[in-house]
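Engineer: the sequence and its predicted three-dimensional model are supplied below.
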Amino acid sequence: MPSELLLRHDPLPWWIDATISHVKAPALDALPWKNVFQEMDQLVAGAIANTDEKRQVGHYWLRDPMLAPTMGQARDIGDCLEQIRGFVNEVTQGIALNEAGERFTDVLHIGIGGSALGPQLLIQTCPNDGLRVWFLDNIDPDGIARILNEMGDRLRTTLILVASKSGTTPEPMYSLALVLDRLHQLNLPVGPRLVALTTPGSLLHKRAKKEHWREIFPLWDWVGGRVSVTSAVGLVPAGLAGVDIDQVLAGARAMDEWTATPEWRDNPAALLAGCWHVLGNGKGDRNLVVMPYSDRLLCLSRYLQQLVMESVGKKLDRDGKVVKQGLTVFGNKGSTDQHAHVQQLRDGRNDFMALFVQVLDDGIGSNAIVADDCNAGDVLQGFLLGTRRALQEGGRPSLVLTIATADAFAIGGLVALFERAVGLYGSLLNVNAYNQPGVEAGKVAAKEVLHLSRRVRELIGKASISAAALAKTLDADEVEVMYLCERLVSTRRLFRENTVPARYRLPLGHER
């Protein structure tokens with residue numbers, strides 16, 4: 001067995017196995033590691049790594065403030081951690097109470113993207129016994145209503161966290177408006193139960209100060225949303241949920257130290273990034289299928305979808321050349337995957353690389369024997385290794401990532417491992433792994449559509465007009481206008497005269 005493709009950090013609970021990845025050591029040796037590691041060292045030292053936005057990239061400093069390039073940044077990180085620890089202690093120990101003198105029992109976390117996926121990963125994965133945390137991570141009115149209805153009277157004893165660096169991100173701010181409406185219906189005071197997670201001086205920060213919110217935690221422009229797990233975005237809700245956030249930070253810090261090694265044979269993040277690059281021919285030609293064999297880790301594939309795809313899915317490289325790079329991530333969990341997409345992985349298109357994730361212990365699970373002198377955990381591992389073997393027999397590449405237990409230390413390490421792997425992979429691809437121009441383009445387009453929707457509603461109240469004529473009047477796409485009108489019909493703000501209208505024609509002007 002080639003030892004350089006099996007990395008173990010024996011004092012710590014992490015193993016990386018690329019022995020049947022179809023990647024050979026000489027192919028990894030040929031990659032430009034010297035430049036890649038040099039770029040990472042410069043990033044950690046405070047270089048402007050996000051050149052498009054002229055920003056530093058400092059999520060590594062969150063785990064070790066002494067890495068920060070200035071004493072002011074180090075002090076800010078340390079002060080924030082102390083603020084988080086103090087707030088979490090006051091709430092969980094019943095020192096901080098609601099307006100009726102009752103202990104807080106729940107947390108409603110409002111955020112989107114990394115502001116939701118990061119804390120979800122920590123809370124769903126790590127052992128916790130604190131407040132119950134609910135997430136509003138979309139502006140779906142039905143989803144929000146169902147959560148608020150399920151919470152019911154518990155809103156009286158709920159802290160509401162609002163995560164937005166700018167305070168202008170549409171989805172969390174519109175979600176907050178619906179939550180505030182429910183609070184007003186229940187005659188509950190707003191400020192004493194609201195907590196802001198935002199950049200100092202942002203619109204949200206100013207609003208929270210003006211409305212006397214209970215607490216404001218700082219975020220910084222040098223921490224991107226998808227790498228904000230170990231900032232206040234992840235640590236505040238996780239700490240309130242009972243997750244040992246100091247162990248999360250300790251695990252991330254330990255992994256940061258391991259993955260700072262400037263040699264791929266001793267660096268698990270480099271081994272991962274190198275395998276992704278070689279297997280994808282340097283162009284993302286293979287998808288990454290993430291299969292964690294643990295219910296706790298169900299969120300991992302969703303978390304990695306954002307971390308990887310938002311980081312390396314770029315049209316241009318750092319030299320301005322059109323490259324259209326990316327690495328598509330999908331997955332579910334084992335052994336569910338055995339009865340879902342493994343059939344295609346084994347016998348269908350050979351366009352992927354599998355990443356198995358196993359947890360060696362059974363958590364709080366039973367040791368009861370279920371078959372062949374094996375307990376349920378033995379059976380689960382059997383399916384993982386069996387699927388690995390089946391893919392190997394089919395000539396399909398795979399890697400295995402192992403942790404001993406799904407505790408806060410190990411999960412903090414996983415977060416840091418993938419953050420570093422993505423950073424190294426971005427350097428190998430020569431793309432800016434820390435900007436998101438496509439996301440920003442989507443936000444701009446959505447704002448334009450909302451403006452169009454308002455104009456449609458203004459015009460349909462004045463005359464009966466077809467969608468085609470309406471689109472022409474507005475100089476807009478006819479199909480888009482048709483969609484907007486159909487939604488108005490479905491939400492009973494507009495009525496049709498005929499149940500089967502002519503193509504794209506709606507009898508307008510009959511708003512309720």
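Structural biologist: Nice, I can see it.
Engineer: go ahead and confirm Leu484 touches Leu452.
Structural biologist: Yes: under the criterion of Cβ atoms under 8 Å, Leu484 makes contact with Leu452 at 6.9 Å. Just so you know, the C-beta spots here come from the backbone N, C-alpha and C atoms, and that holds for glycine as well.
Engineer: state the mean pLDDT of the longest helix anywhere in the chain.
Structural biologist: Ranked by residue count under DSSP state H, the longest helix found in the chain is helix 437-460. Across helix 437-460, the average pLDDT comes to 89.
Engineer: show me which positions of it end up buried.
Structural biologist: 452-453, 455-456, 459-460 (16 or more other Cβ atoms under 10 Å).
Engineer: check stretch 262-272 too.
Structural biologist: Applying 16+ other Cβ under 10 Å to stretch 262-272 flags 264, 267-272 as buried.
Engineer: for the residues you listed, which one is nearest Pro200?
Structural biologist: Nearest to Pro200 out of those is Ala269 (Cβ to Cβ; 31.4 Å).
Engineer: if I look at the closest one, how far off is Lys283?
Structural biologist: 21 Å (Cβ to Cβ, to the nearest Å).
Engineer: picking up where we left off before, show me which of the buried residues of stretch 262-272 is closest to Leu31.
Structural biologist: When these are compared against Leu31 (criterion: Cβ to Cβ), the nearest one is Trp264, at 7.6 Å.
Engineer: so where's the chain uncertain?
Structural biologist: For the chain, the stretches with pLDDT under 70 are 1-2, 461-463, 495-512.
Engineer: for it, which segments count as strands?
Structural biologist: 6-9, 14-17, 106-110, 132-136, 158-163, 194-198, 215-218, 287-293, 329-330, 352-359, 369-371, 374-375, 398-403 (DSSP state E).
Engineer: save those as TSV, and put in mean neighbour count too.
Structural biologist: As requested, the strands of the chain are exported to TSV (neighbours: other Cβ atoms under 10 Å):
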stretch	mean neighbour count
strand 6-9	16
strand 14-17	21
strand 106-110	24
strand 132-136	21
strand 158-163	26
strand 194-198	26
strand 215-218	20
strand 287-293	25
strand 329-330	18
strand 352-359	24
strand 369-371	11
strand 374-375	14
strand 398-403	22
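Engineer: CSV for the ones you listed, including distance to His339?
Structural biologist: Below are the strands of the chain laid out as CSV (distance: least, Cβ to Cβ, whole Å):
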stretch, distance to His339
strand 6-9, 29
strand 14-17, 24
strand 106-110, 32
strand 132-136, 28
strand 158-163, 36
strand 194-198, 39
strand 215-218, 43
strand 287-293, 12
strand 329-330, 16
strand 352-359, 16
strand 369-371, 17
strand 374-375, 19
strand 398-403, 18
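Engineer: and of these, who's closest to Gln305?
Structural biologist: Of all these, strand 329-330 comes closest under Cβ to Cβ, at 4.5 Å.
Engineer: can you tell me the strand partners of the closest one and which way each runs?
Structural biologist: Strand 329-330 has its sheet partners listed here by DSSP bridges as strand 287-293 (parallel).
Engineer: any chance you could list what contacts the strand it pairs with?
Structural biologist: 276, 298, 300-301, 304, 308, 327-335, 337, 341, 345, 351-359, 380-381, 383-384, 387 (Cβ atoms under 8 Å, 6 or more residues apart in numbering).
Engineer: at 6 Å instead, please
Structural biologist: Where contact means Cβ atoms under 6 Å, 6 or more residues apart in numbering, the residues beyond strand 287-293 that reach it are 300-301, 304, 327-329, 331, 333-334, 337, 352-358, 380, 384.
Engineer: tell me the domain boundaries of this structure?
Structural biologist: Split into domains by automatic domain parsing, the chain comes to 3-46+247-431, 70-243, 436-512.
Engineer: now do the end-to-end distance for the first one.
Structural biologist: Put plainly, it is domain 3-46+247-431. In terms of Cα to Cα, to the nearest Å, the two terminal residues of domain 3-46+247-431 are separated by 31 Å.
Engineer: and that domain, how far from the chain's centre?
Structural biologist: 16 Å (Cα atoms, centre = their mean, to the nearest Å).
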